[in-house]
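S.K.: with the sequence up front, the predicted model follows.
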Amino acid sequence: MDSDRIKGAFNQAKGKVKEAAGEITGDAKLNAEGKADQIKGKMQNAAGGVKDAVRDADRKSREV
């Protein structure tokens, strides 16, 4: 598993917490930061998935 996937999952979780805290406290800035962290996390997770796929494909091509 690529480290980007781990970082992405962390940023998504952090974003959800910030978003919820922003909603509870009425802090629009914190809410927006939470949403931005979630998007960043999704992008990191996707990049990590691509890296994993490339790595797996390379590994399979070497086995043949």
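M.R.: Nice, I can see it.
S.K.: not counting sequence-adjacent ones, nearest residue to residue 29?
M.R.: Nearest non-adjacent residue to residue 29, counting by CB to CB, 6 or more residues apart in numbering: residue 22, 7.3 Å away. Bear in mind the C-beta positions are built from the backbone N, C-alpha and C, glycine included.
S.K.: can you pull out the helices in the protein?
M.R.: Along the chain, counting by DSSP state H, helices occupy 3-25, 28-63.
S.K.: please identify the most buried of the ones you listed.
M.R.: Highest mean neighbour count among the helices of the chain (mean count of other CB atoms under 10 Å): helix 3-25, with a mean of 16.
S.K.: so which elements touch that helix?
M.R.: Where contact means 3 or more CB pairs under 8 Å, 6 or more residues apart in numbering; DSSP states H and E, helix 3-25 is packed against helix 28-63.
S.K.: kind regards, and thank you for your time.
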